[in-house]
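# quick one: sequence plus predicted model below, questions after.
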Amino acid sequence: MTEFEQEAIILIRNYLNKDTLTDDYIQANFSLAIKRLASRIEELDDIPNGISETKKGEESIIYSTKNIISEDIKRLLPKPYLKFF
């Protein structure tokens, strides 16, 4: 398992708001979401922190927000658990 996949599992556990989910359970049930999320994390890892736009000569690069769990990934996951205190 790569570092990006491990981070994806942690993000999924936090998104679902259920600390009791094991890594094995998340891997078995949400493998497609893990792959897509790990790929997104890897892409975002190359974006410099604190910079939203750069310009090099005539070329301008605008970085999108770092909203890691996007709507397409959320559709692969169940609704987050609600915690009542």
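Thanks, I have it.
# helices of the protein, residue ranges please.
Per DSSP state H, the chain has helices spanning 3-16, 23-29, 31-45, 71-74. These are given in chain order.
# rounded mean pLDDT for the shortest one, please.
Looking back up the chat, that one is helix 71-74. Averaging pLDDT along helix 71-74 yields 93.
# using CSV, list the CA coordinates for it.
Provided in CSV are the C-alpha atoms of helix 71-74 (Å, rounded to 0.1, in the frame of the first residue of the first chain):
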residue,chain,number,x,y,z
GLU,A,71,-18.4,15.3,-5.3
ASP,A,72,-17.4,12.4,-7.6
ILE,A,73,-15.5,10.7,-4.8
LYS,A,74,-18.4,11.4,-2.3
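# low-confidence bits of this protein, can you list those?
48, 50-51, 63-66 (pLDDT under 70).
# nearest to residue 83, out of the helices of the chain?
Closest approach to residue 83 among these (Cβ to Cβ): helix 3-16, 11.1 Å. Where C-beta positions appear, they are placed from N, C-alpha and C, glycine not excepted.
# for that closest one, what is the distance to the chain centroid?
Chain-centre distance of helix 3-16: 7 Å, with Cα atoms, centre = their mean, to the nearest Å.
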